[in-house]
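[1] I need the structure of the sequence given here:
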Amino acid sequence: MNRESGIGNRESGCKHMRYAHATRTAVSGQRSVVSGQLILFKSTICVAQALAFGHAVRTRL
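    Numbering: from 1, shown residues only. This next block holds a predicted model:
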């Protein structure tokens, strides 16, 4: 009986590890999506600033 309970514990440990790995993968995936959105947002701001600056320079000339 002890041997069977040991096997059961090992199986539940494996399931837990699979879940933990899936959770880490999902979290890292969410981080990469967020960082991608931040990069896109920052580049959009840079383009907007460049256009605004370029427009200001053109009106001065």
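[2] any stretches of the chain with poor pLDDT?
    1-28, 55-61 (pLDDT under 70).
[3] tell me which element residue 32 is part of?
    Under the criterion of DSSP states H and E, residue 32 resides in helix 2-60.
[4] if I look at residue 50, how far off is residue 43?
    10 Å (CB to CB, to the nearest Å). Quick note: C-beta positions are derived from backbone N, CA and C, even for glycine.
[5] please disregard the earlier target; I meant residue 29.
    Where residue 43 is concerned, residue 29 sits at a distance of 21 Å (CB to CB).
[6] what's the neighbour count on residue 38?
    10 (other CB atoms under 10 Å).
[7] contacting residues around it?
    By CB atoms under 8 Å, 6 or more residues apart in numbering, no residues touch residue 38.
[8] how much space separates it from residue 53?
    In terms of CB to CB, residue 38 sits 22 Å off from residue 53.
[9] ok, now residue 34?
    28 Å.
[10] go on, residue 33?
    Distance from residue 33 to residue 53, counting by CB to CB: 30 Å.
[11] count of neighbours near residue 36?
    10.
[12] cool, and residue 43?
    For residue 43, the count of nearby residues is 10 (other CB under 10 Å).
[13] burial of residue 51, as a residue count?
    Neighbourhood size, residue 51 [other CB under 10 Å]: 10.
[14] what's the answer for residue 30, then?
    Neighbours around residue 30, by other CB under 10 Å: 10.
[15] what does the one 4 residues further on give?
    Look at residue 34: counted by other CB under 10 Å, it has 10 neighbours.
[16] got a list of what it touches?
    Taking CB under 8 Å, 6+ apart as the definition, residue 34 has no contacts.
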